[in-house]
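Engineer: the following comprises the amino acid sequence and a computationally predicted model.
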Amino acid sequence: MATRPAKATGKPRPGRAQAPGKPAPAKVPAKAPAPAKAPASAAAQPPRELRLAAAGLAVEAVGMFVAAGFSAVSTADGQSYQRASGIALTLIAVGTAVCFALFARGVAKARPWTRTPVVMIQLAIGAWGIYLLKDHRPEWGVPMLLVAAGCLAALFTPASLRALNRPPMRP
């Protein structure tokens, strides 16, 4: 049975002399150590301002759940104009609270698609807060305005804008 010849690698085998007229193989320099990378958890974490905006949205979601609870109690007590409209308003409030919670989650994960709806929500909440202040309900209007202003301020900081920007499209 024939044996296969050794593969020529250009490296002399130990214990054998280099063939005359053949240059010695060049030594490959060792790779430089890679620069130390930041931990993956620190790099993946959104800026503090975005987490603050997400917390504000979570507070608004809780507030909507509380409003839905008040609406449900009023409907159950028969204080709504019509029972069907009271149920509908309660379900709308619950759905809105769920949407706020989903947006809060998206902002906390720095998802670019969340910026526009969250800004629109904050503008609507600001308008509702002004409406409540006008109707002499400062216990509801003032917190709404403060949270909406805080969320907008946190969303428009340079760090938040960088985190929520989409990467440029390649041609």
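Structural biologist: That came through fine.
Engineer: the helix or strand where Phe103 lies packs against which elements?
Structural biologist: Element membership for Phe103, per DSSP states H and E: helix 83-108. Contacts defined by 3 or more CB pairs under 8 Å, 6 or more residues apart in numbering; DSSP states H and E place helix 83-108 against helix 48-76, helix 115-134. Every C-beta, even on glycine, is put in place using the N, C-alpha and C of the backbone.
Engineer: let's go with 10 Å and repeat that
Structural biologist: On a contact count with 3 or more CB pairs under 10 Å, 6 or more residues apart in numbering; DSSP states H and E, helix 83-108 meets helix 48-76, helix 115-134, helix 138-155, helix 158-164.
Engineer: what sits up against the third one?
Structural biologist: With CB atoms under 10 Å, 6 or more residues apart in numbering as the contact definition, helix 138-155 has outside contacts at 47-57, 59-60, 63, 67, 104, 107, 114-115, 118-119, 121-135, 137, 160-161, 164.
Engineer: check which residues of that helix are buried.
Structural biologist: Buried residues in helix 138-155, defined by neighbour count with 16 or more other CB atoms under 10 Å: Trp140, Gly141, Met144, Leu145, Val147, Ala148, Gly150, Cys151, Leu152, Ala154, Leu155.
Engineer: then the longest one?
Structural biologist: By neighbour count, and taking 16+ other CB under 10 Å as the criterion, the buried residues in helix 48-76 are 49-61, 63-65, 67-68, 71-72, 75.
Engineer: same question, the second one
Structural biologist: Of the residues in helix 115-134, those with enough neighbours to count as buried (16+ other CB under 10 Å) are Arg115, Val118, Ile121, Gln122, Ile125, Gly126, Gly129, Leu132.
Engineer: average pLDDT for that helix?
Structural biologist: Across helix 115-134, the average pLDDT comes to 93.
Engineer: many thanks, I have nothing further to ask.
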